[in-house]
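Trainee: Requesting a structural model of the entry that follows:
(chains A and B)
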Amino acid sequence: MTARRLSQGGRIDRTKPLPFTWHGTAMTGFAGDTVASALLANGVKIVGRSFKYHRARGIFGAWVEEPNGILDLEYNGAHDPNARATTVQLQAGMAARGVNARPDVDRDIYRGIDLLNRFLPAGFYYKTFFPNWHRYEPRIRAMAGLGRLRGDTDARHFENRSALADVLVVGAGPAGLAAARAASSAGLSVILADDRAEIGGSLLWNDATIDGYAGIDWAAHALVNSGVRILSRTTVFGAYDDGAFGLLECRATAPTGWAEDRLWTVRARQTILAPGAIERPLVFPHNDRPGVMLAAAALNYLRQYGVLVGDEVVVATNNDSAYATALALREAGATVTLADVRPALPDVAHAAQSVGIRVLANSVVLNTVGSGGVRLVDIGPADAASPRDATMRVPASVVATSGGFSPAVHLHSQSRGKLRWDESRAAFLPAGTVANQHFVAADTLAEAIAQGHGAGIAAATALGRTVTIAPPTTPTAPQADPIRPYWCVPIKGVRQWLDLQNDVTVKDVRLAARENYSSVEHLKRYTTLGMATDQGKTSNVNGLALLATATGQTIPQVGTTTFRPPYTPVTLGALAGMRHGALYAPWRHLPAHAEHAALNADMREYGNWWRPACYKRPGETAADAIQREAAAARRSAGLFDGSSLGKIIVDGPDAAAFLNLMYYNEVANLKPGRLRYVLLLRENGVVYDDGVVARIGPGRYQLSPSSSHTAGVLAMLEAWHQTEYPSLRVALHDVTSAWATFALSGPDSRNLLAPMTDIELTALPHMAFADGTILGIAGRIARVSFTGERSYEISVPASYGPSLWRALLQTDATPYGIESLSVLRAEKGYILIGTDTDGMTLPDDLGISGPLRAKKVDFVGKRSLTTPDALRLDRRQFVGLLPLDPHAVPHVGSHAIERTATGVRSLGWVTSACHSPALGRSIALGMIERGRALIESGGEVELFHLGKTSRAKIVSPVFYDAAGEKLHG
Amino acid sequence: MLSIPCPWCGPRDEPEFLFGGEPAVRPVPAADVTDAAWADYLYFRDNDKGPHAEIWCHAAGCGQWFVMRRDTATHAILSVRKPGEPA
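Mentor: Take a look at the predicted model:
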């Protein structure tokens, strides 16, 4: 017999059937089901194949502890390859499949691997496949593992949110509810987070009476009108510094209806951790057969989902809690045999016996038998030495087992709280407290309510408030008999499973101990115990207790592995939130963006800016367009949108003094109305940026850093001003986006521009500017050039950008893009920072050394220019390269090499290369060791790229108009 | 995620801030400094475990730099001060 749905009971809605499929087979669940409860209700026994041995596995738990029910789910176009069946709310139309099995979990072609288990112990990968792991890895990876990605883009929408709270309560069981209720009565803002769809925690399946109500009814009403903000379906997965917590909310009402998770960052002044406890199983031979499950899970399925897990059930326990499961299953009509490892029957056994449950003391399961699921269960004495010691064989499809409860100390431990082993409860409990945190680790309902209320009082007191309500009341329950720690059946030679998800057995732990892995951290990594996606929630304590036994230590001596976030897996999409695609780093658009689009510009991303690379005409390639545009700028006139070029205003009586301390070049003697090309260094002497400084007035400058460096330059100047020179009276403003700036460049530029402005252009020499009007618009014209031609940069308020662009286009100037500009500047040997320079380039390497000799001020980076390294004679220097083959454009990044007796040595590399329309041949720029001496001597170098070599002559980097006649004319 | 008490704006979340590392005192006049002392200023930091001075900038807020003492072992923030204020 398999599990089945009862005709009544549970918190599901039988009037709302939800169709879904399991490996393509149509099934039906109800609203309120999880995928796991729906599969059980439909009689599915095998839900997956194990990670390593491909053994058949069934549903084992009922919530986050589930190790086996990892499914591939598709719903509404979205896909989750590793969904935990026990925590996913069933939706109509969901398609579920098992993972790590071909073609399906019932007929898995790899199931024969289990026969080889003797040869696949812990550490077999290390012992067998190293050092040639790379040869075996693809095949092994294909056979092991979990779900597979579909390979498409995740269409789901994820969100991030932040919140502040006076008190964050984790867990909405009886303790958390009592805590939230108390704290909110003190007038505090309270967030209560709980991972289930419905609040109440264990009240959802345990019998309870609180304040005279049934437990679950009390839970539903405890916080009405309290003002507590309840986040249900929200897992608090991580504890971070200063009261910050990471929360993952699974939004059931999301647009696609499923798993569109929301990441919360909540910072709370006080936190109350009432996370409850996770049951661990007893460990016995063949305890991984489908049908073996946690006792609390069996009760959970009955009470919450109306699913009876089996009609014949063996309950195996070492404590009182499983008796509740036995009684409930019996009441639902099951035949129940209860094996208790304790030598004497506890008081609660009488109640069980009185309803017809067979209760056996000093007994444990010695074996399970069945193909594809439990059919028969052998029971024998707890100290059995062999499976043959079994005293009875019971027909049963389910073994519901409890080995005790482990309080979920994860968040306490992540917060660096210490743990202690509590002998009487056989569990790790918080030792001491964490600042501003209160942990509830109750063993009974009465304790949970008292501790929860007390934690609410403690949090309120810490915040100077008073709790104004009395604690909830619950009848006193009879004292439970003590648990008997029992870690595995003392039988050797048969497999007893610890970690079901990672296929770790008792034998593996013993092997690790024999091989001297005595630390629990080593045990974990060697055997992979607790390293699966369930993070060993049901197996860690059993594993470390067995390690203690095997190494002759006590459990406190062995201790636990370090708890790290996250408590449960966090969807990567939720961490990214909306920061992906176009929103990852939002593009900046030029003021005349629409005009470029209208010209069919080839728009590309440059830094954060979206700029025209070139303006392709019909039938033209980008390379053709670049050559045409560059040639037109030299022949007549070109028009370039330079609006992204930075504009930083430096204002104040000490502006000149400050900038002189910052820049490599002298700027204090610059006259108003004049421009200067300048370098900005880092303190280590490396060239950080180049640009143009304009002196607007005595105490006012405008800096024009490179487009992608503007924010960085501003931040650097701010940092120096604030930390090193705070007494200098100067203020910095980035006004880049306030202006549209267009460059009109070429021999005809003056004639084309003159009729449009009242500024006398003939009176404007190179590196000077004037304010005036352009087509009636107040603006500025600066004569400055990055092409080597006579050029005017025209700046007007950004809103006039589109109209001025259109007007300038009508002059028949050819629009050119940034790639064409790059050709023009290369012909002139003008550097591009970050292209021709790198993190080692000093000004002298670029042939700029005047300021170091002439400037007395201690500017940024100056001292670094006289270190032994800066003065080395064999530094790489900026040069031009003329390939001997004028048609071949060398690859950027090609190394210039020198062949020596011992091999090949790099002399430097090519930094820019293109075909020059002005020269009608290929040219390149590069950084070459002792380059300037090679220019003098007319040297040649061998260029090497991906196995191919060519030769180039070292020349001056200025290929065109070396005398500057075009520039100044 | 630290909650950093900006001396101008009050407590704000760590993502609003830029980390500037351990403050180094610029030796002046730089021209008189030995190569070794200059290299020490540029590149060498104590990187203490325990109480540690750092400079931070409230980059996504007021844009101001300040000095923060922080315990690198416990992450506890010990004090903050504006540049130039006595330690």
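Trainee: and residue 70, bridged to which residues?
Mentor: This is for chain A. A:R84 (DSSP bridges).
Trainee: Can you look at chain B instead?
Mentor: B:H52, B:I77.
Trainee: Which secondary structure state does A:V650 sit in?
Mentor: Assigned by DSSP: H, G, I helix; E, B strand; the rest coil, the conformation of A:V650 is strand.
Trainee: tell me the contacts of the residue in the stretch 801-950 of chain A positioned nearest to chain B?
Mentor: Closest contact between the stretch 801-950 of chain A and chain B, by CB to the nearest CB, is at A:R863 (3.9 Å). The way it works is simple: take the backbone N, C-alpha and C, and place the C-beta from them, glycine included. Contact analysis of A:R863 by CB atoms under 8 Å, 6 or more residues apart in numbering or on different chains lists B:30-31, B:33, B:38.
Trainee: make it 6 Å
Mentor: Contacts for A:R863 (CB atoms under 6 Å, 6 or more residues apart in numbering or on different chains) come out as B:30, B:38.
Trainee: do the same with the one 5 residues further on
Mentor: For A:P868, the set of contacting residues under the criterion of CB under 6 Å, 6+ apart is empty.
Trainee: for A:I109, same thing?
Mentor: Counting by CB under 6 Å, 6+ apart, A:I109 touches A:R102.
Trainee: And the pLDDT for A:I483?
Mentor: On pLDDT, A:I483 comes in at 97.
Trainee: Please report the distance of it from A:G543.
Mentor: 18 Å (CB to CB, to the nearest Å).
Trainee: Compare neighbour counts for these two and give me the winner.
Mentor: A:G543 (28 against 23; other CB atoms under 10 Å in any protein chain shown).
Trainee: Quick check: that one touching A:L498?
Mentor: Yes: the criterion here is CB atoms under 6 Å, and A:G543 meets it with A:L498 at 5.1 Å.
Trainee: Contact residues of chain A facing chain B?
Mentor: By CB under 6 Å from any CB of the partner chain, the residues of chain A that approach chain B are A:240-242, A:244, A:684, A:722-723, A:858, A:863, A:867.
Trainee: Just the buried ones among those residues, please.
Mentor: Among those, those buried by neighbour count (16 or more other CB atoms under 10 Å in any protein chain shown) are A:240-242, A:244, A:684, A:722-723, A:863, A:867.
Trainee: Mind picking the two most distant members of the residues you listed?
Mentor: A:A244 and A:T867 (43.7 Å; CB to CB).
Trainee: residue ranges of the strands in chain B, please?
Mentor: For chain B, the strands defined by DSSP state E occupy B:3-6, B:10-13, B:18-19, B:51-57, B:65-71, B:77-81.
Trainee: what lines up beside the first one in the sheet?
Mentor: Strand B:3-6 has the following sheet partners, assigned by DSSP bridges: strand B:10-13 (antiparallel).
Trainee: Please apply the same query to the third one.
Mentor: The strands that strand B:18-19 pairs with in its sheet are strand B:51-57 (antiparallel) (by DSSP bridges).
Trainee: Helix, strand or coil: sort out A:L832 for me.
Mentor: Once three-state DSSP is applied, A:L832 turns out coil.
Trainee: Next: the one 3 residues further on.
Mentor: Here A:T835 takes the coil state, with states given by three-state DSSP.
Trainee: So what's the residue count around the residue lying closest to A:K671 once chain neighbours are set aside?
Mentor: Of all residues beyond its chain neighbours, the one nearest A:K671 is A:R695 (6.5 Å), with distances taken as CB to CB, 6 or more residues apart in numbering or on different chains. Using other CB under 10 Å, the number of residues around A:R695 comes to 24.
Trainee: measure A:R695 to A:L73 for me?
Mentor: 66 Å.
Trainee: what's the neighbour count on A:I210?
Mentor: By other CB under 10 Å, neighbour count at A:I210 equals 23.
Trainee: what's the answer for A:R148, then?
Mentor: Neighbours around A:R148, by other CB under 10 Å: 12.
Trainee: what does A:P569 give?
Mentor: A:P569, neighbours per other CB under 10 Å, totals 16.
Trainee: That one: what secondary structure?
Mentor: Under three-state DSSP, A:P569 comes out as coil.
Trainee: Run the chain-centre distance for the top helix by length along chain A.
Mentor: The longest helix of chain A (DSSP state H) is helix A:445-462. Centroid separation for helix A:445-462 versus its chain: 35 Å, with CA atoms, centre = their mean, to the nearest Å.
Trainee: following the lowest-mean-pLDDT helix or strand in chain A, which helix or strand comes up?
Mentor: Within chain A, no helix or strand scores below helix A:124-129, which has a mean of 72 by mean pLDDT, DSSP states H and E. Toward the C-terminus, helix A:124-129 is succeeded by helix A:133-143 as the next helix or strand (DSSP states H and E).
Trainee: How about residues contacting that next one?
Mentor: A:110, A:129.
Trainee: what's downstream of it, the next helix or strand?
Mentor: Per DSSP H and E, the helix or strand that comes after helix A:133-143 is strand A:159-170.
Trainee: From the chain's centre, how far out is whichever helix or strand comes after that following strand? Work that out for me.
Mentor: Counting by DSSP H and E, the element after strand A:159-170 in chain order, helix or strand, is helix A:174-185. On the basis of CA atoms, centre = their mean, helix A:174-185 sits 33 Å off its chain's mean C-alpha point.
Trainee: Then stretch A:704-714?
Mentor: On the basis of CA atoms, centre = their mean, stretch A:704-714 sits 29 Å off its chain's mean C-alpha point.
Trainee: In the stretch 1-150 of chain A, what residue lies closest to chain B?
Mentor: For the stretch 1-150 of chain A, CB to the nearest CB, closest residue to chain B: A:V64, 23.8 Å.
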